[in-house]
Every structure is written in C-alpha cells, then in structure tokens.
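**Student:** With the input below, show me the fold.
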Amino acid sequence: MGNRQRFRKRPRKVFGLALWGILLVVSGGSTRELPAGDRPDGTLIVLNKSDASAWLIRLSDGKTFAALPTGDGPHEVAVSPDGKLAVVTNYGGKTAGNTLTVIDLPRKAVRKTIHLGTYTRPHGIVFFSDGRRVTVTAEAQKALLVVDIPSGNILQAIPTDQETSHMVALSPDERRAFVANIGSGSVSVVDLRAGRLETILPTGAGAEGIALTPDGRHLWVTNRAEDSLAIIDATHLNLLRKVPCPGFPIRVHMYPQSPVALVSCARAGKVYAFDWKSGKLQATVAMNVTAVEDTTSRLFRGVFGESPVPIGVLIHPSGKTAYVANSNADVVVEIDLNTWNIVRFFSTGKQPDGLGYSPVTH
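**Tutor:** I've put the predicted structure just below:
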C-alpha cells in the first residue's frame with residue numbers, strides 16, 4: 001500500500017441515513033488496491049504550499065518521481081491542453097507573491113518564472129484552449145489577468161471590483177470568465193472579449209470554489225462561510241437555488257462523462273459527491289486520515305481541530321478515480337468512484353493543496 005502505514009486512520013464507518021431526502025453513504029475505510037488493469041495512468045501534480053514545491057506522482061505505481069521548486073506559497077496549477085506544461089500560481093506567504101512557475105512536464109524541469117509586476121497574490125488559474133494563454137486572479141488588486149505563457153506578457157488586466165478574487169472558471173466558448181470572491185460573497189462575471197466587468201452576482205458568504213457544469217448551463221459556487229452551494233444559470237446570470245453543504249465547502253470539481261461533482265469540505269474532513277444535473281447528494285467520503293499534531297503553523301492555524309482539511313480535489317479523465325489533497329495531514333487520497341472507497345494514500349510535502357493532471361508520464 002505504499003505510504004499507507006504513515007497514517008493513523010480512524011475506524012471505518014459505513015452506514016446510511018436520510019439527508020436532504022436521499023441516501024447518504026459514508027465510506028473511506030477500505031484501502032484495497034485497484035486491479036492492475038484498472039489503475040489510472042498519467043501524472044498527478046501536487047502543490048505543497050509550505051515547501052514551495054510541486055511533486056509529480058506517477059499514478060500507475062503511486063511513486064513520486066520528481067520534486068520541483070516553485071515560488072513561495074504555490075496554491076493552484078493549470079495544465080495545458082496537450083499536457084506538456086503546468087503553470088503554478090505562487091501566492092506567497094507573509095510577503096505577497098507575484099510570480100507564475102512554468103513546468104515542462106516531459107523534461108521534469110522548471111522552464112521559467114513569469115513575473116506579474118505589480119499584480120500580486122495570484123491564485124486561481126485556467127488554461128485557454130489555445131495552450132498559450134492562462135487566466136489568473138490577482139487577489140490584492142481585485143483583478144483578473146490574461147497572461148501569454150510563451151512571452152510572459154500580461155495581455156489583459158480586468159477589474160473584478162470585489163474583495164479576495166480567488167478562483168476562476170471559463171465558459172466553454174471562452175468568452176466569459178467567472179471569478180469567485182471570498183471577501184464579497186459574490187461572483188464577478190468578466191467579458192473577456194470586451195475586456196470588462198460585465199456584472200456582479202451575490203452568491204453567499206465566503207464564495208470560494210467555482211466550476212461550470214460540463215454542459216455550460218450552470219455555475220456552482222461553494223459558499224464556505226454559510227455551508228452552502230449556489231447554483232447559477234450561467235446564461236441568464238441569475239441564482240437558481242442553494243443547496244446545503246455542511247463543513248466549510250471549499251472546492252468543487254466536475255466530470256463531463258457522468259454527472260459527478262465533488263465538493264471538498266475542510267472543516268468536516270469529507271468530500272461530498274453530488275449529481276451536477278439534479279443537484280442531489282449521492283455520497284459522502286470521509287478522508288480517513290488524521291491531521292498532524294501541530295496545525296498552528298498552517299493556513300487555517302488549527303481552527304478546524306482534528307480535520308485533515310481536504311482542499312484540492314480532482315477527477316481523473318477516466319472517471320474511475322478522484323484525488324483529494326488533505327492540507328493538514330500531508331497526504332493525497334485516491335478514491336474509487338465506483339465504490340466510493342479510498343484505495344490509496346500518497347505522501348506529500350507540507351500542506352498539499354492545488355492538484356493537476358497530465359497524461360505525460362515517466
């Protein structure tokens with residue numbers, strides 16, 4: 001089981017109960033390996049905030065084959081459509097960061113560092129389909145940037161007019177960007193072609209995680225301070241409803257080939273699986289790992305008690321497995337999406353957070 005012996009796991013609990021009118025399954029105790037033919041391929045990219053590093057993990061055998069330096073406080077990563085480049089946002093620590101680290105995945109090496117000048121606290125990041133440009137938030141300046149990776153130039157800097165502009169999602173046609181603003185409890189809708197702020201949508205206190213449904217119809221926002229999900233009509237830009245999601249929902253990731261949306265909840269130490277078409281809860285997976293003894297030096301400074309603080313979440317392109325970075329346990333768990341069981345544990349550096357995937361492997 002690789003690194004399984006490192007972790008003190010809580011006893012397994014499997015039971016059903018009615019919640020919001022459906023069956024909730026709590027799992028996470030099983031650690032049975034997937035059969036060799038079912039093991040995922042490619043490379044998992046793990047950002048370690050406190051270690052200023054990006055680890056590359058070969059998913060076929062679970063081994064870390066490279067540990068690359070980044071700038072201070074790497075938080076999020078975007079992978080180019082061809083899987084050859086990873087771009088990391090260096091958020092910084094006590095001193096605000098203002099750089100992007102560009103990683104050449106086939107070479108297992110840092111290609112260059114892009115400096116963003118006066119734009120600081122870069123965080124959420126998404127690649128455009130052209131494989132050249134990324135859009136990235138600059139929290140401190142309440143802005144959304146469009147950066148050309150080959151040249152390192154900032155092509156656009158568009159105000160969000162909101163506090164703590166954190167994560168970003170792109171519409172399928174790449175005409176709009178949606179920015180979640182933690183401090184304002186809102187989403188800034190940005191018209192990328194016109195280079196302007198289109199409108200601001202109130203969503204709920206602590207709006208942080210954000211994702212569009214794969215059909216482009218709905219926008220999901222995790223409101224961490226009010227334990228809810230806001231579901232928005234992405235065309236008409238109106239709030240459709242809110243769904244309860246207890247335990248500090250912080251990220252959301254969706255799978256296009258089946259209606260699965262995974263939401264990580266930092267305080268609860270769990271991941272909720274929703275049907276992104278209906279909005280109904282399908283399952284809950286407890287992370288089954290224990291937080292390190294000293295959490296006061298970490299981002300949330302012990303406010304979540306014994307929770308391992310799951311944050312980054314990613315679904316493998318095969319749709320068979322998902323990965324969750326537990327920031328206060330220094331471990332990524334792998335979930336079998338057919339059984340909702342945890343099947344592997346990967347040791348990481350200190351405070352893993354952002355996750356990325358590439359089909360490139362070594």
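**Student:** what residue ranges in this structure are flagged as low confidence?
**Tutor:** Counting by pLDDT under 70, the chain has low-confidence residues at 1-37, 296, 298, 301-302.
**Student:** Kindly provide the distance from Glu76 to Gly319.
**Tutor:** 22 Å (C-beta to C-beta, to the nearest Å). Quick note: C-beta positions are derived from backbone N, CA and C, even for glycine.
**Student:** And for the most centrally placed residue in the chain, nearest residue in space, chain neighbours not counted?
**Tutor:** In the chain, the residue lying closest to the centroid (C-alpha atoms, centre = their mean) is Gly312, at 3.8 Å. Of all residues not flanking Gly312 in the chain, Ala325 sits nearest, at 3.8 Å (C-beta to C-beta, 6 or more residues apart in numbering).
**Student:** Could you report the distance from the one you found to Tyr119?
**Tutor:** 26 Å.
**Student:** These two - which one has more neighbours?
**Tutor:** Regarding Ala325 and Tyr119, a neighbour count based on other C-beta atoms under 10 Å identifies Ala325 as having more, with 30 against 20.
**Student:** Let me see the contact set for the more buried one.
**Tutor:** Each residue near Ala325 by C-beta atoms under 8 Å, 6 or more residues apart in numbering is listed here: Val46, Pro310, Ile311, Gly312, Val313, Val332, Thr348, Pro352, Asp353, Gly354, Leu355.
**Student:** did I read that right, Ala140 in a helix?
**Tutor:** Yes - using DSSP: H, G, I helix; E, B strand; the rest coil, the assignment for Ala140 is a helix.
**Student:** what's downstream of the helix or strand where the residue nearest to Gly312 lies, the next helix or strand?
**Tutor:** Assigned by DSSP states H and E, Ala325 belongs to strand 321-326. Going down the chain from strand 321-326, the next helix or strand is strand 331-336, by DSSP H and E.
**Student:** List of residues touching that next one?
**Tutor:** The contact list for strand 331-336 (C-beta under 8 Å, 6+ apart) reads 3, 6-7, 28, 34, 44, 46, 57, 271, 285, 287-289, 308, 320-326, 341-348, 352, 355.
**Student:** returning to that earlier point: so for Glu76 and Gly319, which residue has more residues nearby?
**Tutor:** Per other C-beta under 10 Å, whichever of Glu76 and Gly319 has more neighbours is Glu76, with 26 against 14.
**Student:** for the stretch 251-362 of the chain, what spans make up the strands?
**Tutor:** Assigned strands in the stretch 251-362 of the chain, in chain order: 260-265, 270-274, 281-286, 310-315, 321-326, 331-336, 341-347, 352-358 (criterion: DSSP state E, counting those that start in this stretch).
**Student:** That should have said the stretch 101-250 of the chain, apologies.
**Tutor:** In the stretch 101-250 of the chain, the strands defined using DSSP E, counting those that start in this stretch lie at 109-115, 122-127, 133-138, 143-148, 154-159, 165-170, 176-181, 186-191, 196-202, 207-212, 218-223, 228-233, 238-244, 249-255.
**Student:** can you list those in JSON lines and add distance to Thr95 and mean neighbour count?
**Tutor:** Putting the strands of the stretch 101-250 of the chain into JSON lines (distance: least, C-beta to C-beta, whole Å; neighbours: other C-beta atoms under 10 Å) gives the following:
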{"stretch": "strand 109-115", "distance to Thr95": "14", "mean neighbour count": "15"}
{"stretch": "strand 122-127", "distance to Thr95": "13", "mean neighbour count": "24"}
{"stretch": "strand 133-138", "distance to Thr95": "15", "mean neighbour count": "25"}
{"stretch": "strand 143-148", "distance to Thr95": "19", "mean neighbour count": "21"}
{"stretch": "strand 154-159", "distance to Thr95": "21", "mean neighbour count": "16"}
{"stretch": "strand 165-170", "distance to Thr95": "19", "mean neighbour count": "25"}
{"stretch": "strand 176-181", "distance to Thr95": "23", "mean neighbour count": "26"}
{"stretch": "strand 186-191", "distance to Thr95": "26", "mean neighbour count": "24"}
{"stretch": "strand 196-202", "distance to Thr95": "28", "mean neighbour count": "15"}
{"stretch": "strand 207-212", "distance to Thr95": "23", "mean neighbour count": "24"}
{"stretch": "strand 218-223", "distance to Thr95": "28", "mean neighbour count": "26"}
{"stretch": "strand 228-233", "distance to Thr95": "33", "mean neighbour count": "21"}
{"stretch": "strand 238-244", "distance to Thr95": "37", "mean neighbour count": "13"}
{"stretch": "strand 249-255", "distance to Thr95": "24", "mean neighbour count": "24"}
